[in-house]
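> okay, sequence plus prediction incoming.
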Amino acid sequence: MKKITKGFTLIELLIVIALLGALAVALLAALDPLEQIKKGTDTGVRNTVAEISGSIIRYASVKSGSMPYTSTIAWGPVGTTGTSPAYTSIQNVIDAGELKADFFSLSRDQLDKIYVIAGPSRSYICFAPGAKSFKVDANTKFVAPSFVSGEATMAEGTCANGTLTSATGGAAVGDTCYWCVR
């Protein structure tokens with residue numbers, strides 16, 4: 001009489017485990033968790049940049065074209081201490097009701113990543129992206145912030161992997177490229 005046993009052999013189990021392991025490694029490599037974290041962070045900062053820009057436009061339309069800053073704002077981060085002109089200008093927008101009263105507390109971890117340059121009638125609100133997908137975005141092309149005839153401006157360039165690849169006026173190859181709203 002022939003004895004029939006049910007189940008898997010050790011070799012069959014090892015083959016299945018090896019295949020599942022290979023699939024898990026391939027999936028992990030495809031998802032790249034660190035890149036996903038950077039992408040999430042950049043998305044949050046981009047949304048905050050767009051919110052600030054929209055609030056400045058609303059402020060100017062309510063205030064008959066006047067901007068929330070009293071003088072030009074030199075290039076620099078908004079910051080979290082309340083001492084930068086950009087921070088003060090955003091406070092003016094909050095006081096006018098164009099941003100939530102708790103804007104600073106809600107966006108505190110992003111404000112050091114957001115850079116501003118502003119002149120009498122134009123402002124650029126920017127950030128340097130960390131995620132690959134944002135580094136190749138069409139809006140990641142701004143470099144070399146400066147003032148031309150008293151007005152805020154940023155040169156546009158050709159960027160790859162977050163750095164300038166071909167120099168334009170006032171910029172040098174290797175400069176950081178910023179994602180900006182103007």
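Great, that's in hand. Numbering: from 1, shown residues only.
> going forward, measure contacts and count neighbours with C-alpha atoms only.
Will do.
> packing partners of the lengthiest strand in the chain?
For the chain, the strand that runs over the most residues, judged by DSSP state E, is strand 140-148. Counting contacts by 3 or more C-alpha pairs under 8 Å, 6 or more residues apart in numbering; DSSP states H and E, strand 140-148 is packed against strand 151-156, strand 158-160, strand 178-181.
> and the helices in this structure?
With DSSP state H as the criterion, the chain has helices at 10-31, 33-62, 85-95, 103-106, 132-135.
> so which elements touch the first one?
Using 3+ C-alpha pairs under 8 Å, 6+ apart as the contact criterion, no helix or strand is in contact with helix 10-31.
> residues contacting the most centrally placed residue in the chain?
For the chain, Asp42 is the residue whose C-alpha lies nearest the centre (C-alpha atoms, centre = their mean; 3.9 Å). For Asp42, the set of contacting residues under the criterion of C-alpha atoms under 8 Å, 6 or more residues apart in numbering consists of 129-131, 134.
> from these, which is closest to Pro77?
Looking at those and their distance to Pro77, the nearest is Pro129, at 14.1 Å (C-alpha to C-alpha).
> now the phi/psi pair for that closest one, please.
phi -70, psi 150 (degrees, to the nearest 10).
> okay, now it: neighbour count?
26 (other C-alpha atoms under 10 Å).
> and it, what's its pLDDT?
Listed pLDDT for Pro129 reads 94.
> residues contacting it?
Applying C-alpha under 8 Å, 6+ apart to Pro129 gives the contacts 42, 135, 140, 162, 178-179.
> roughly how far does it sit from Pro120?
Here the criterion is C-alpha to C-alpha, to the nearest Å. By it, Pro129 lies 27 Å from Pro120.
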